[in-house]
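Engineer: Fold the stuff below for me.
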Amino acid sequence: MLDYSKGRWAGDYVAVMGDDNTPDWSHLSETLTDIDAIVILTLFYIDGFNEIGEIAKHDRYLFMQLCHLVVTRQALELEPLLLEYFGASYLKKYKELCKESYYLPKDLTLRENEALFPKRPQGPF
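Structural biologist: Below is the predicted model:
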């Protein structure tokens with residue numbers, strides 16, 4: 001998605017879609033790739049965690065997605081930041097939200113694709 005060497009989008013097409021106003025949602029969801037988790041991690045690697053963390057304080061779905069990435073061991077680099085922003089009880093809150101929510105966090109289905117995640121930039125991310 002990003003050309004790290006130039007610090008800009010590499011030219012991939014990205015569409016932000018929801019199922020509420022899309023007539024053929026089931027067909028689209030089967031043929032397109034949902035990149036929610038990848039976008040969140042990409043923003044984290046490029047911009048850091050501060051803004052994502054602040055938004056997650058008020059957006060339960062983003063909070064759940066971040067926790068899911070840690071709990072499923074897909075992005076353990078987020079764990080110390082979740083502890084810092086939400087305290088030691090963040091996993092308890094995540095479990096409670098999972099019981100009461102219909103939202104299913106996304107997996108990093110494309111993380112193995114080196115074209116998507118070339119060498120990550122080094123730094124205190």
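Engineer: F86: how many residues sit nearby?
Structural biologist: Number of residues near F86 (other C-beta atoms under 10 Å) recorded here: 19. C-beta coordinates here come from the backbone N, C-alpha and C atoms, glycine included.
Engineer: low-confidence ranges in the protein?
Structural biologist: 1-22, 25, 29, 109-125 (pLDDT under 70).
Engineer: got the residue ranges for the strands in it?
Structural biologist: 2-3, 8-9 (DSSP state E).
Engineer: quick one: contacts of stretch 97-106?
Structural biologist: Applying C-beta atoms under 8 Å, 6 or more residues apart in numbering, the contact partners of stretch 97-106 are D34, D36, A37, R60, Y61, F63, M64, Q65, C67, H68, L69.
Engineer: now stretch 66-81
Structural biologist: 37, 40-41, 44, 49, 52-53, 56, 82, 90-91, 94, 105-108, 111, 125.
Engineer: Please convert the buried members of these into PyMOL selection syntax.
Structural biologist: Here is the PyMOL command that selects the buried residues among those (16 or more other C-beta atoms under 10 Å):
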select buried, resi 37+40+41+44+49+52+53+56+82+90+94+105+106+108
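Engineer: Can you flag which of the contacts of stretch 66-81 belong to helices?
Structural biologist: Using DSSP state H, A37, I40, L41, F44, I52, G53, A56, L82, Y90, L91, Y94 are the members of those that sit in helices.
Engineer: For I35, see how far away the residue lying closest to the first one once chain neighbours are set aside is.
Structural biologist: With C-beta to C-beta, 6 or more residues apart in numbering as the measure, K106 is the residue that lies nearest to A37, at 4.3 Å, once sequence neighbours are left out. Going from K106 to I35 by C-beta to C-beta, to the nearest Å gives 8 Å.
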